[in-house]
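**Q** Mind looking at a prediction? Sequence and model below.
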Amino acid sequence: MCREGTNKPITSQVSRSLLRLASYMLLAAMGAFSSGCITAVEIGVNLVGKAVDTADVKKRQKELLGAKLVAADEMFGKRLDTLRDIDSDRSWVVYPVEGDLMGNDRYVVEVAAERIVALSRTEKNSDPKRDLLRVLIIERQIKGKPAKECAAELDMGDPLLAVRSDATGLLSQIYDARHFKEFGSPDYCILRFDDQELCKGVEFLGIGASTKKEPLHT
């Protein structure tokens, strides 16, 4: 079964979401068992999820890279938001992933000079056990502070990007959250600011697959 206008089977999207949902339930049920067992389950789920994401992005990139943004609109449907780099003409257009039951996955299309230059598939708080704890710790440090103070408080270096949302007009800063930049998949910390440009929230963003090695770098 496919949604009209796309080539992506809905069943594969649903299967991925069900797999991840089932894994979280299994991890909760295994709380009394050894951490080694839990880790093995997590690794297996992550590997399967990344394989699905990689195949999905690889299939779609041929139609999108180098094309105008209308090609992504036709493929993914309604835009959820457009994030515009405050220092350049680059933008990142966010689309839903059909069949994503948990609502955390997104397609992110990077645009420069009116052409698509990259496609990524992302997941909010992709490692819940780790990311939700990090969110709590960081929010205690920086919530209610202006952007410059937030950057000074975090141990993540300078922000990679500062972007403004078309949907809300509000500012976000994006940081590289990896301890070792040369290793592992990209992992981003996103600070969101209110209309006074004071930090109102934090989230982490994992990259399931991308046509770029460093998707949210200029």
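**A** Sure, I can see it. Bear in mind that the values here come from a model prediction, so they are computed numbers and not experimental data.

**Q** what stretches of the chain score poorly on pLDDT?
**A** Residue ranges of the chain with pLDDT under 70: 1-50, 180-184, 218.

**Q** quick one, domains of it?
**A** 10-122, 128-210 (automatic domain parsing).

**Q** gap between the shortest one and the chain center?
**A** It stands for domain 128-210. Centre-to-centre, domain 128-210 and its host chain are 12 Å apart (CA atoms, centre = their mean, to the nearest Å).

**Q** Tabulate the domains of the chain (CSV), appending distance to Leu216.
**A** (C-beta placed from N, C-alpha, C; glycine too.) CSV is the format used below for these (distance: least, CB to CB, whole Å):
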stretch, distance to Leu216
domain 10-122, 7
domain 128-210, 5
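
**Q** and the spatially most central residue of the chain, what does it touch?
**A** Taking CA atoms, centre = their mean as the criterion, Thr122 is the residue nearest the geometric centre of the chain, at 3.2 Å. Contact analysis of Thr122 by CB atoms under 8 Å, 6 or more residues apart in numbering lists 105-108, 205-208, 215.

**Q** make it 6 Å
**A** Contact partners of Thr122, counting by CB atoms under 6 Å, 6 or more residues apart in numbering, are 106, 108, 205, 207.

**Q** where's it, which helix or strand?
**A** Per DSSP states H and E: Thr122 is located in strand 115-124.

**Q** after that strand comes which helix or strand?
**A** helix 128-142.

**Q** In three-state terms, how would Glu63 be classified?
**A** Of the three states, Glu63 takes helix according to DSSP: H, G, I helix; E, B strand; the rest coil.

**Q** burial of the nearest residue to it once chain neighbours are set aside, as a residue count?
**A** Nearest residue to Glu63, sequence neighbours excluded (CB to CB, 6 or more residues apart in numbering): Ala71, at 6.3 Å. By the criterion of other CB atoms under 10 Å, Ala71 has 17 neighbours.

**Q** what's the answer for Met75, then?
**A** Using other CB under 10 Å, Met75 has 19 neighbouring residues.

**Q** One more: the one 5 residues further on?
**A** Applying the criterion other CB under 10 Å, we find 14 residues in the vicinity of Leu80.

**Q** dump the residue contacts of it.
**A** Val94.

**Q** how does it look with 10 Å?
**A** Counting by CB atoms under 10 Å, 6 or more residues apart in numbering, Leu80 touches 93-96, 106-108, 167.

**Q** Of those residues, which belong to strands?
**A** 93-96, 106-108 (DSSP state E).

**Q** With respect to Arg130, which of the residues you listed is nearest?
**A** Arg130 lies nearest to Arg106 out of the ones in strands among the contacts of Leu80, by CB to CB, at 19.6 Å.

**Q** partners of Asp187 in the sheet?
**A** Under DSSP bridges, the beta-bridge partners of Asp187 are Gly206.

**Q** which stretches of this protein form strands?
**A** Using DSSP E, the strands of the chain run over residues 81-85, 91-96, 105-112, 115-124, 161-165, 171-176, 187-193, 199-210.

**Q** For the third one, buried residues please.
**A** So that's strand 105-112. Buried positions in strand 105-112, judged by neighbour count with 16 or more other CB atoms under 10 Å: 105-111.
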